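**Student:** Give me a 3D structure for the following:
(chains A and B)
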Amino acid sequence: MIDIKFIRENPDKVVEGAKKKGVEVDVDEILEVEKKKREFLQALEDMRAQKNKANKEIQGARDKKEKDKIILKMQELDKNSDRLTRNLKDLGEKLDSLLLKIPNLPLAGVPLGGEKDSVVVEKVGEKPEFDFKIKDYMEIGEKLDLIDVKRAAKMAGTRFGFLKKEIALIEFALVRVAFDALTKKGFIPVIPPVMIKSEMARGMGFIQQTDDEEAYYLPKDDLYLTATSEQSLGSMHSGEVFEEKDLPKRYAGFSTCFRREAGSYGKDTKGILRVHQFDKMEMFSFTKPEDSEKEHKFLLEMEKSLMDELKLPYQVVNIAAGDLGMPAAQKYDIETWIPSEKRYRETHSTSNCTDFQARRLNIRYQKKTGGLDFVHTLNGTAFAIGRTLIAIIENYQQKDGSILVPEALQKYLSFKTIK
RNA sequence: GGUGGGGUGCUAGAGCGGUUGAAUAGGUCGGUCUUGAAAACCGAUAUACCAGCAAUGGUAUCGUGAGUUCGAAUCUCACCCCCACCGCCA
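**Tutor:** Numbers count the residues shown, from 1 in each chain, chains lettered A, B, ... in the order given. Down below sits the predicted model:
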């Protein structure tokens, strides 16, 4: 949600910002509706002021006659109030629905354009060199009986997978590595609910309307399965007020994520790269407005340091405006090198949502200097387990068909190779 | 699934037809005291919109919406949400 005051004062910025995201916003219509709304409000307020004044007179009235006279006058006044109230309500609803359609505006450092215009900021780590013919992760995974998508398809459908044996254990090693690193930095470890109420899903910008295609929805209970713990972590503090000294508030949430992948038919259909269900460790921060850009860099640094621990080669991408999505004002992805594809694939993503989600969910903080303001919210991937496993299997594969276990994970496991 | 209880300010929590934007406590801010701090004491402390250079004034806001009334945080109805107990399951 964008502040109406901001729209009134900076209509051009709103139009321009939304346009960068590929969204048309009719600011004139919004301002027109808002102006009309204010006019009706003024009329209604004038009327109420008269009524309130008359009320005081009634209390001071000496006899019944005087009272009745005033009451009669007021009933006359009241005749217009229904019409005014209705108009005001209609305009208010119209204004809200217009405002809800405006995406968060991109920050200054965001590249213009669409998916292809995202900018690679840096490349980190050495791509592994193989002196043998490499295999992709599914070949290896199936050969070593670590991944089974065939049986998953049989009993659950496409885009599901079984993780088995050592690779199932590695998931928990990854979780431990992430929790260890993040708790050291003050992140509070959380295992959140994976279902959220529709009002929360809407507040997080997860769904636009109730029939959203991308979310799993349980109509009997009016609940959505979360696509990331970002959604539960953000809505965790909805309606609350932080104290300034408690910010930034950081959470590390581990949860299963559910995605219908409705718009991706035919894309990445093989294996477990794009599935309906996967586990993910996610970072989430609530900050003061002036700290959010700094926090965003911090989250990116955390992501990078986690990747560095695994010694996986990756690149950092500054995502272009057209690819940001509704709530993000700025977004960096980390793409990890996948040898079989000879390209980098997205494994991490960190977004600064500024006050967009906080406004919708009414999450504020009390300023030391007095007054309340909306917080900023940010999120970032620590490990998307499935994709991290893919990267590990491929980058750590050996000539004899085995897989080396990254050193950072070994202390949580009783094996150093998978064969 | 059954039966009760409840949603009030930054927080906790009183109020249950007009004098209530709302007691009290806590928090926060300012001050007194102190070498400094704590404690104690004193004072201040909601938001939004409208008019105004300002001082200030007006209006709204006690879960949401509708109703009763001259007047509603307070009464009625509907809805949403939360909690407790019982049953059921783990």
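**Student:** And the pLDDT for the residue in the stretch 251-400 of chain A positioned nearest to RNA strand B?
**Tutor:** Closest approach between the stretch 251-400 of chain A and RNA strand B, counting by CB to the nearest atom of the strand: A:Gly371, at 3.7 Å. Where you see a C-beta, it was placed from the backbone N, CA and C, and this is true even at glycine. pLDDT recorded at A:Gly371 is 78.
**Student:** and it, what are its phi and psi?
**Tutor:** phi 90, psi 170 (degrees, to the nearest 10).
**Student:** Same check on A:Asn352?
**Tutor:** Dihedral angles (degrees, to the nearest 10) for A:Asn352: phi -100, psi 110.
**Student:** That one contacts A:Leu107, doesn't it?
**Tutor:** Yes - in this structure, A:Asn352 is within contact of A:Leu107 by CB atoms under 8 Å, at 7.0 Å.
**Student:** who's more crowded, those two?
**Tutor:** Under the criterion of other CB atoms under 10 Å, the comparison of A:Asn352 against A:Leu107 puts A:Asn352 first, with 27 against 18.
**Student:** which residue packs closest to that one, ignoring adjacent ones?
**Tutor:** Distances taken as CB to CB, 6 or more residues apart in numbering put A:His296 closest to A:Asn352, at 4.3 Å, once the chain neighbours are dropped.
**Student:** pretty sure that neighbour belongs to a helix, no?
**Tutor:** Yes - counting by DSSP: H, G, I helix; E, B strand; the rest coil, A:His296 falls inside a helix.
**Student:** buried residues in the longest helix along chain A?
**Tutor:** Using DSSP state H to define each element, chain A has its longest helix at helix A:27-60. Within helix A:27-60, the residues that qualify as buried are A:Val27, A:Ile30, A:Val33, A:Glu34, A:Lys36, A:Lys37, A:Phe40, A:Ala43, A:Leu44, A:Met47, counting by 16 or more other CB atoms under 10 Å.
**Student:** How about the contacts made by the closest residue to the third one other than its chain neighbours?
**Tutor:** Once its chain neighbours are removed from consideration, A:Val33 has its nearest residue in A:Leu95; the separation is 5.0 Å (CB to CB, 6+ apart). By CB atoms under 8 Å, 6 or more residues apart in numbering, A:Leu95 lies in contact with A:Ile4, A:Ile30, A:Val33, A:Glu34, A:Lys37.
**Student:** let's go with 10 Å and repeat that
**Tutor:** Counting by CB atoms under 10 Å, 6 or more residues apart in numbering, A:Leu95 makes contact with A:Ile4, A:Glu29, A:Ile30, A:Leu31, A:Glu32, A:Val33, A:Glu34, A:Lys36, A:Lys37.
**Student:** related to what we said a few turns ago, what touches both of A:Asn352 and A:Leu107?
**Tutor:** Joint contacts of A:Asn352 and A:Leu107 (CB under 10 Å, 6+ apart) are A:Ser292, A:Glu293, A:His296, A:Ala328, A:Ala329, A:Gln330, A:Lys331.
**Student:** In the stretch 151-300 of chain A, which residue sits nearest RNA strand B?
**Tutor:** For the stretch 151-300 of chain A, CB to the nearest atom of the strand, closest residue to RNA strand B: A:Val241, 3.9 Å.
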